[in-house]
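Student: Curious how this folds, go ahead:
(one chain, ligands or ions: 1)
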Amino acid sequence: MSSSSPRWFTPSSILSYAVAILSVSAALVAGLLLDSFLDIAPYVSLFICANMVAAWFGGVGPGLLSTVLSILAFKYFFIEPTSSFVVESKDIPRLALFAVAATFVVSLAGAQRNAAKSLRRARDDLQMAVRELERLNKELLAENAERNLAEQKIRQAERELQVTIDTIPVLVGSYRRDGSPDFVNLAWRDYTGLSLDDLNGRRWEAVTHPDDVAVVDNERLRHLATGEPFQTEQRLRRTDGEYRWHLFSRVPLRDENGNVIKWYAAGYDIEDRKRAEAGLRRSAVQLEYAQRLSRTGSVGFKVATGEIMWSEETARIYGYDADTRPSVELVLQRVHPGDVALVQQQIDRARQGEQEFDFEHRLVMPDGKVRHVHVLAHIVKGDSDNKEIFGALMDVSAAKQAREALDKAQAELAHVTRMTTLGELAASIAHEVNQPLTAIVTDGAAGLRWLGQEPRVLEEVRNSLEAMIGEAQRASRVIERIRALSKKTDPEKAPLDINNVIHDAVRFVEREVLSHRASLRLELATGLPLVPGDRVQLQQVVINLVINGVQAMESVTDRPRELLLRSQQYEADHVLVEVHDSGTGFDPGSASRLFNAFFSTKPGGMGMGLSICRSIIDAHEGRVWASNRAGQGAIFQFILPFSGKGAP
Ligand code: ADP
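Tutor: Just a heads-up that it's a prediction; the model follows:
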């Protein structure tokens, strides 16, 4: 019941029933009035109208109510006996007809009302559907616009991709699952002069070098079967007929199940790289031969990490197999114990940022043989974290031995020459002086004989003595002459730049200096006036002083063996040359005798070097002298006049 109560007692249903009652009441009043005043009685029509109004307004329920009320009112007010609900039998058909007519009208009006209601509902539904359709239409239009935009963008992107693929300088192609081509880019077509149709007819073989066709085909078939990416190098003919090497990389495209659905390929021109590689291989072979022939290996050293790279020849010089991994330790293992400090010093110099390296040292091979190597290197990468030194290492053992043999032969020759000269000098002295000495002895004996006779012949004794004095004076003159001869002739003087003289002399002694592991430094003043002199003789002076300095440093091990050659102006009119060494210095007690002939403190020394120096400098009207340096070494100095007018 509760579910039906809202239907019957809604405000609108109460209003409908009220309208039904009111309309019947109105019909009744109108009927009564018409009856009283006009004496006409259209009761039936009035009640039918009231029923129609009630049914039309409220539907079947109120219509039926108004029908029942109309029948009751009709009977009560208008059918005899009035004011009573008693129905006479003759009136029953009349009332039944009225009831049927009223019910018919009510059901018609109710049906019309329901139809109108249904129509309204249907119209509302239709309107709603139309609105929904309009909304859907709008959405569809928006979707369409979006899709069009997206499609436009995709087409644009496709066009851009196509242009990109066609413009990149790479030969690009895509292939079906079976390997047959379905696309090649413009670069591909331009390079080969083939179209996609040509490819389908397998004319690509015509542009692949005949020697490469089989190799490429094999690779292709092998990888189509496995679906693995692969690369081939092949020569491809350009439209102008030139074959150029290309590297082709092919990769598969797989579906979500991992099946290959397509292949993509990209080909790069590697002709220049190939040529460079071939050139590099040729250079490497040439370099290897050159290194073999010249016994020179190359070597690289990364200062920060201590990493070493070496060539086969370097490994051979060090006495290691070519495939031995080089290291500082391996290098130091071979260095002669006497040279380890020197090599370590060079490594330290490299770490301190030194740029150039030029030094010699010895190696000791496992069989005890000694090798001499000359190292020449420089820094090729300068930044502090990434210093790399590259250089060459030359096996100079043979040259060294030859040089040593030559030096020895020269030294022996010089010695023999000096001895010969001395011998000749001695012989000529003996020869020249022998005769006056013999005469002195003869005259002395004659004088003695005269003194032994009685009576003594003093006159004869006087004669003998006078003859002896004469002979002695002659001997003295002979010696004087021979000394003058031994001083050689006057020097041939020409204006000289003393720095040039020093440079020339240094060239002669460079090797000697290096072989004694000494260094030579020059500090030469510029703009010095020329000095008149004999170039060869002055060179000889510098050479003698430098060699003496080198020899004086032979026993030095606790400090660098350093020579300094310096030139400068001395007073207003002289040039001064100094030779500094860091050797042992000389005994101050012997200072006055250093320049004497035959003074030597060296075993086997002749003591002629400084003496010759002094003779030469004297002949140039200059002066030479020596002094000890404080604690280490000596300084030998000489001065020469600009004008040749004599020493101050
Ligand atoms: P020698 O050939 O005997 O060395 P020199 O005339 O060249 O003849 O030298 C004579 C001596 O002078 C040497 O034996 C040596 O004692 C000394 N002398 C020469 N140069 C130096 C030097 N630079 N340092 C120390 N002593 C030296």
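Student: okay, and the helix or strand of this protein with the least pLDDT?
Tutor: When the helices and strands of the chain are scored by mean pLDDT, DSSP states H and E, helix 5-8 comes last with a mean of 50.
Student: same for the very next helix or strand once past that helix, what does it pack against?
Tutor: Using DSSP states H and E, the helix or strand that follows helix 5-8 in sequence is helix 11-33. Under the contact criterion of 3 or more Cβ pairs under 8 Å, 6 or more residues apart in numbering; DSSP states H and E, helix 11-33 touches helix 43-58, helix 60-73. (Glycine included, C-beta is placed from N, CA and C.)
Student: Could you check how far the first one is from the centre of its chain?
Tutor: Right, helix 43-58. Relative to its parent chain, helix 43-58 has a centroid offset of 110 Å by Cα atoms, centre = their mean, to the nearest Å.
Student: quick one: average confidence on that helix?
Tutor: What helix 43-58 shows for mean pLDDT is 86.
Student: And the contacts of that helix?
Tutor: Applying Cβ atoms under 8 Å, 6 or more residues apart in numbering, the external contacts of helix 43-58 come out as 13, 15-17, 19-20, 23-24, 26-28, 30-31, 34-35, 62-63, 65-67, 70, 73-74, 77-78, 98, 101-102, 105-110, 112-113.
Student: so what's T417 scoring on pLDDT?
Tutor: 55.
Student: Could you tell me how far V68 is located from S89?
Tutor: According to Cβ to Cβ, to the nearest Å, V68 stands 21 Å off from S89.
Student: hey, where'd the helices end up in the stretch 101-250 of the chain?
Tutor: Using DSSP state H, counting those that start in this stretch, the helices of the stretch 101-250 of the chain run over 186-192, 196-200, 204-207, 210-226.
Student: between these, which one is nearest to the ligand?
Tutor: Of all the helices of the stretch 101-250 of the chain, helix 210-226 sits nearest to the ligand, with 75.4 Å by Cβ to the nearest ligand atom.
Student: who's more crowded, V68 and S89?
Tutor: Neighbours per residue, other Cβ atoms under 10 Å: of V68 and S89, the larger number sits with V68, 16 against 6.
Student: show me where pLDDT drops low in the protein?
Tutor: Low-confidence segments of the chain (pLDDT under 70): 1-9, 41, 200-203, 381-385, 409-436, 474, 477-478, 480-492, 644-648.
Student: Around the ligand, pick out the residues from it.
Tutor: By Cβ under 6 Å from any ligand atom, the residues of the chain that approach the ligand are 548-549, 552, 581, 583, 585-586, 594, 599-602, 605-611, 634.
Student: just checking, which of those belong to helices?
Tutor: 548-549, 552, 609-611 (DSSP state H).
Student: Let me have those residues in TSV, extended by neighbour count and distance to L522.
Tutor: Shown next, in TSV, are these (neighbours: other Cβ atoms under 10 Å; distance: Cβ to Cβ, whole Å):
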residue	neighbour count	distance to L522
N548	23	18
G549	28	14
A552	20	19
G609	22	22
L610	22	22
S611	17	26
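Student: gap between the residue lying closest to L32 once chain neighbours are set aside and the ligand?
Tutor: Among residues not flanking L32 along the chain, F77 sits closest, at 6.6 Å (Cβ to Cβ, 6 or more residues apart in numbering). Applying Cβ to the nearest ligand atom, to the nearest Å, the value for F77 to the ligand is 173 Å.
Student: what are the ranges of the strands in the stretch 251-400 of the chain?
Tutor: 260-269, 296-302, 307-310, 356-364, 370-381, 388-395 (DSSP state E, counting those that start in this stretch).
Student: most neighbours per residue, which of the helices of the stretch 101-250 of the chain?
Tutor: By mean neighbour count, with neighbours taken as mean count of other Cβ atoms under 10 Å, helix 186-192 ranks first of these at a mean of 19.
Student: if we can go back for a sec, could the strands of the stretch 251-400 of the chain go into a markdown table alongside mean neighbour count?
Tutor: As requested, those are exported to a markdown table (neighbours: other Cβ atoms under 10 Å):
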| stretch | mean neighbour count |
| --- | --- |
| strand 260-269 | 18 |
| strand 296-302 | 19 |
| strand 307-310 | 17 |
| strand 356-364 | 17 |
| strand 370-381 | 17 |
| strand 388-395 | 19 |
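Student: how about a markdown table for these, with distance to S590 added?
Tutor: Converted to a markdown table, these look like this (distance: least, Cβ to Cβ, whole Å):
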| stretch | distance to S590 |
| --- | --- |
| strand 260-269 | 82 |
| strand 296-302 | 47 |
| strand 307-310 | 50 |
| strand 356-364 | 34 |
| strand 370-381 | 36 |
| strand 388-395 | 43 |
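Student: Looking at the ones you listed, spot the one closest to F183.
Tutor: Taking Cβ to Cβ, strand 260-269 is the member of these nearest to F183, at 9.4 Å.
Student: so what strands line up beside that closest one?
Tutor: With DSSP bridges as the test, strand 260-269 is paired with strand 171-176 (antiparallel), strand 243-254 (antiparallel).
Student: Report the buried residues of the longest one.
Tutor: Along strand 243-254, these residues count as buried under the neighbour rule (16 or more other Cβ atoms under 10 Å): 243-246, 248, 250, 252.
Student: wait, A187 sits on T164?
Tutor: No. In this structure A187 lies outside contact range of T164 using Cβ atoms under 8 Å: 11.1 Å.
Student: Give me the spatial nearest neighbour of K302, chain neighbours excluded.
Tutor: E388 (5.5 Å).
Student: How about T296?
Tutor: Looking at T296 with Cβ to Cβ, 6+ apart, the closest residue is M394, at 4.4 Å.
Student: what separates that neighbour from the ligand, distance-wise?
Tutor: Counting by Cβ to the nearest ligand atom, the gap from M394 to the ligand is 32 Å.
Student: now H574
Tutor: For H574, the distance to the ligand - Cβ to the nearest ligand atom - is 22 Å.
Student: go on, Q539?
Tutor: Distance, Q539 to the ligand, by Cβ to the nearest ligand atom: 16 Å.
Student: Over to L97?
Tutor: L97 sits 171 Å away from the ligand, going by Cβ to the nearest ligand atom.
Student: The closest residue to the ligand within the stretch 51-200 of the chain: neighbour count?
Tutor: Across the stretch 51-200 of the chain, the shortest distance to the ligand (Cβ to the nearest ligand atom) belongs to P169, at 73.1 Å. P169 has 8 neighbours, counted by other Cβ under 10 Å.
Student: can you check the one 3 residues further on too?
Tutor: When neighbours are counted by other Cβ under 10 Å, V172 registers 18.
Student: Kindly report the same for A439.
Tutor: Residues within reach of A439, counting by other Cβ under 10 Å, total 17.
Student: The stretch 501-648 of the chain: helices as residue ranges?
Tutor: Counting by DSSP H, counting those that start in this stretch, the stretch 501-648 of the chain has helices at residues 535-552, 609-619.
Student: in the first one, what counts as buried?
Tutor: Judged by neighbour count (16+ other Cβ under 10 Å), helix 535-552 contains these buried residues: 535, 537-552.
Student: repeat for the shortest one
Tutor: Of the residues in helix 609-619, those scored as buried under the neighbour-count criterion (16+ other Cβ under 10 Å) are 609-617, 619.
Student: Test my guess that the residue nearest to T296 contacts S298.
Tutor: No. Look at M394 against S298 with Cβ under 8 Å: they stay out of range, at 10.5 Å.
Student: and the gap between the residue nearest to K302 and E329?
Tutor: With Cβ to Cβ as the criterion, E388 and E329 are 19 Å apart.
Student: And A398, by the same measure?
Tutor: Taking Cβ to Cβ, one finds A398 at 28 Å from E329.
Student: residues contacting the residue nearest to T296?
Tutor: With contacts defined as Cβ under 8 Å, 6+ apart, M394 is in contact with 294-297, 373-376.
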